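Trainee: Curious how this folds, go ahead:
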Amino acid sequence: QVQLVESGGGLVQAGGSLGLSCVASARAFSNYGMGWFRQAPGKEREFVATISWNGDWTEYLDSVKGRFTISRDNAENTVYLQMNSLKPEDTAVYYCAATSLIASMKESTYHSWGQGTQVTVSS
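Mentor: Next comes the predicted model:
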């Protein structure tokens, strides 16, 4: 298990930007694939982005491609999600998660989750 703590959520107007961070308490952080998921009110949690152990492979939800960027700093045990051109439909609680796979788009493959951080985009 890995303890994960997200930060950086908040309220932003449509078209604005926010950056999320997730710090992991793992001695071997670079051994984990990392992902970001989100859950909007009344909806199921969905995949947003994933990044491989060394950061050289990423994948995104189609609706965020070109707007969101996932990155990681293994020296700081941190994964980031930079969100640009935000839309009201991006409003959700955002979660970071860790998997023992290289990377994954499947929620069921993640074994550790943060508590979530709220992102609200006003129109």
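Trainee: Tell me how far the residue nearest the centre of the chain lies from residue 123.
Mentor: Among the residues of the chain, the one closest to the centroid is residue 36, at 2.4 Å (CA atoms, centre = their mean). According to CB to CB, to the nearest Å, residue 36 and residue 123 sit 23 Å apart. No exception for glycine: its C-beta is placed from N, CA and C like everyone else's.
Trainee: got it, and residue 80?
Mentor: 26 Å.
Trainee: Between those two, which has more neighbouring residues?
Mentor: Just comparing residue 80 and residue 123: by other CB atoms under 10 Å the higher neighbour count belongs to residue 80, 19 against 9.
Trainee: isn't the more buried one right up against residue 55?
Mentor: No. Residue 80 is not in contact with residue 55 according to CB atoms under 8 Å; the separation is 10.5 Å.
Trainee: any shared contact partners between these two?
Mentor: Common neighbours of residue 80 and residue 55 (criterion: CB atoms under 8 Å, 6 or more residues apart in numbering): 71, 72.
Trainee: Any idea what the nearest residue to residue 109 once chain neighbours are set aside is bridged to?
Mentor: Distance criterion CB to CB, 6 or more residues apart in numbering; nearest residue to residue 109, sequence neighbours excluded, is residue 99 at 5.0 Å. Beta-bridge pairing for residue 99 (DSSP bridges): residue 33, residue 110.
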